[in-house]
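Chemist: What follows is a predicted protein model with its sequence.
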Amino acid sequence: MNTEFLGANKIASLSFFMKLIMLGFVAYGLILYFPVSSKSINNIFYLVVAVPGFIWAIRDRARLYRAIRQYLWFLLPLFMLVLAVSHELKDIKVFLYLVLFWLFLLMLEERHVLGVRLPILGVSGANVVLLFTAIFSWAATGLSTGIWGRSNLLLGYAVNPVYTATLMMMSMVFLWVFFLDEHLQARGKWIHVSGFVALLLLGMVCATVFQARSALVGFALFVFLYVVFKRAYVLVFGAVLAGIGLLLVDGFREAVLARGLSYRPQIWEDAMVRVVDVCGLWLGCGDDGYEFLGQWAHAHSAYVSIFYEAGLVGAALFLLFLGIIFFLAMKVRSKWLLVAMVGWGSLITTTGGVFSTPHQAFWMYFWFPTLMAAIEVQQSRAAGTA
């Protein structure tokens with residue numbers, strides 16, 4: 001990986017303002033870990049993402065109108081989805097935030113050879129360093145006490161283990177897909193396989209340290225799609241071997257299996273029964289403040305939550321939205337789709353939906369790669385390869 005490939009010679013040509021914006025985006029990607037107020041995180045998003053995206057768009061209205069026309073296949077289903085899950089008129093502002101995020105990403109893609117990959121390279125590199133500090137801390141505690149518990153600290157700060165693990169896994173997958181995969185493949189088959197096994201081991205260790213099975217579901221979805229992309233089924237053997245190897249280690253096995261299924265099947269059953277018997281199958285229950293099983297504020301699954309709040313209409317629109325992106329991204333063998341699988345999979349067993357202000361971590365591990373997959377599809381179309 002030489003400096004020309006990384007576009008280092010073009011970084012210097014970026015304006016001070018653009019360098020500042022990219023650094024701000026890196027800060028936004030990392031601050032999601034830590035106990036910072038939602039208002040502060042939202043303000044950072046507005047300052048470094050929304051405002052620059054808006055300014056870039058209105059500076060060339062012809063470009064903006066052209067982009068809207070080109071991305072109607074994406075924007076229209078997204079608007080219909082947001083409309084379906086909105087409980088009040090003010091909730092539609094989420095669509096505005098997502099559009100501004102999309103415009104910001106388009107701007108970055110225009111300004112540097114690496115585009116969005118440049119700031120995300122910084123985010124991902126920092127995430128891998130943070131992951132290793134968490135692993136060493138967890139291992140030291142386990143070896144000294146004999147208790148291989150769940151890590152919920154990062155650099156001494158309390159964090160959400162599931163969101164933390166998912167963000168770290170997204171970073172690992174990004175680095176693999178965009179920077180390591182082809183580089184190692186060029187050096188030989190078994191070097192490539194060895195690197196992939198190392199990635200699998202690191203992903204499983206990450207899930208173990210934070211006891212984040214939701215993140216592991218997303219990671220497994222990435223592995224499945226990656227193997228399909230590569231048609232290299234020898235990698236399946238590597239995946240199975242890595243998994244069995246870790247489960248044979250007592251500390252890892254105990255940590256992974258310690259928390260069972262965390263009542264998720266019962267929560268989902270409660271949500272579905274209430275929709276069918278009480279609220280209405282087509283439009284759901286809305287944001288009614290119901291506590292699942294008498295104690296949980298949300299359904300611990302974005303997919304179930306959308307069905308609960310917006311019924312079959314909302315769930316169908318959500319699956320249609322993802323299906324459109326998946327089908328078109330598969331046609332162009334989108335690398336960003338591979339990254340998006342981590343977020344798409346993790347949402348099966350976590351969060352209360354995906355529609356909120358940008359202070360939530362899923363804006364980075366779900367919305368960000370999903371938007372980038374859509375952009376990659378359109379870029380391929382423009383290049384005449386889709």
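Modeler: Looks like it came in fine. Numbering: from 1, shown residues only.

Chemist: then stretch 92-106 to PDB, C-alphas only?
Modeler: The C-alpha atoms that make up stretch 92-106 are tabulated as PDB, following Å, rounded to 0.1, in the frame of the first residue of the first chain:
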ATOM      1  CA  ILE A  92     -40.100  13.600   9.600                       C
ATOM      2  CA  LYS A  93     -37.000  15.800  10.400                       C
ATOM      3  CA  VAL A  94     -35.100  12.500  10.500                       C
ATOM      4  CA  PHE A  95     -35.400  12.400   6.700                       C
ATOM      5  CA  LEU A  96     -33.800  15.800   6.500                       C
ATOM      6  CA  TYR A  97     -30.900  14.700   8.700                       C
ATOM      7  CA  LEU A  98     -30.400  11.600   6.500                       C
ATOM      8  CA  VAL A  99     -30.500  13.700   3.300                       C
ATOM      9  CA  LEU A 100     -27.900  16.100   4.700                       C
ATOM     10  CA  PHE A 101     -25.800  13.200   5.700                       C
ATOM     11  CA  TRP A 102     -26.100  11.800   2.100                       C
ATOM     12  CA  LEU A 103     -25.100  15.200   0.700                       C
ATOM     13  CA  PHE A 104     -22.100  15.400   3.000                       C
ATOM     14  CA  LEU A 105     -20.900  12.000   1.900                       C
ATOM     15  CA  LEU A 106     -21.400  13.000  -1.800                       C
END
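
Chemist: can you give me how far that stretch is from the chain middle?
Modeler: With C-alpha atoms, centre = their mean, to the nearest Å as the basis, stretch 92-106 stands 16 Å off its chain's centre.

Chemist: Now it: buried residues?
Modeler: Buried residues in stretch 92-106, counting neighbours by 16 or more other C-beta atoms under 10 Å, are found at 94-95, 97-106. C-beta coordinates here come from the backbone N, C-alpha and C atoms, glycine included.

Chemist: Now, those that are in helices?
Modeler: Judged by DSSP state H, helices contain the following of the buried residues of stretch 92-106: 94-95, 97-106.

Chemist: helix/strand/coil for residue 227?
Modeler: Assigned with DSSP: H, G, I helix; E, B strand; the rest coil, residue 227 falls in the helix class.

Chemist: what's the neighbour count on it?
Modeler: Residues lying near residue 227 (other C-beta atoms under 10 Å) number 17.

Chemist: With pLDDT added, can I get the ones in helices among the buried residues of stretch 92-106 in JSON lines?
Modeler: JSON lines is the format used below for these (pLDDT from 0 to 100):
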{"residue": "94", "pLDDT": "95"}
{"residue": "95", "pLDDT": "96"}
{"residue": "97", "pLDDT": "97"}
{"residue": "98", "pLDDT": "97"}
{"residue": "99", "pLDDT": "97"}
{"residue": "100", "pLDDT": "97"}
{"residue": "101", "pLDDT": "98"}
{"residue": "102", "pLDDT": "98"}
{"residue": "103", "pLDDT": "97"}
{"residue": "104", "pLDDT": "97"}
{"residue": "105", "pLDDT": "97"}
{"residue": "106", "pLDDT": "96"}
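
Chemist: could I get those residues as TSV with distance to residue 70?
Modeler: Putting those into TSV (distance: C-beta to C-beta, whole Å) gives the following:
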residue	distance to residue 70
94	22
95	18
97	21
98	17
99	14
100	17
101	17
102	12
103	13
104	17
105	14
106	10
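
Chemist: quick check, nearest of the residues you listed to residue 128?
Modeler: In terms of C-beta to C-beta, no member of these lies closer to residue 128 than residue 105, at 22.4 Å.

Chemist: do you know how far the closest one is from residue 25?
Modeler: 10 Å (C-beta to C-beta, to the nearest Å).

Chemist: What ranges in the chain fall below the confidence cut-off?
Modeler: Low-confidence segments of the chain (pLDDT under 70): 1-13, 112, 232-262, 385-386.
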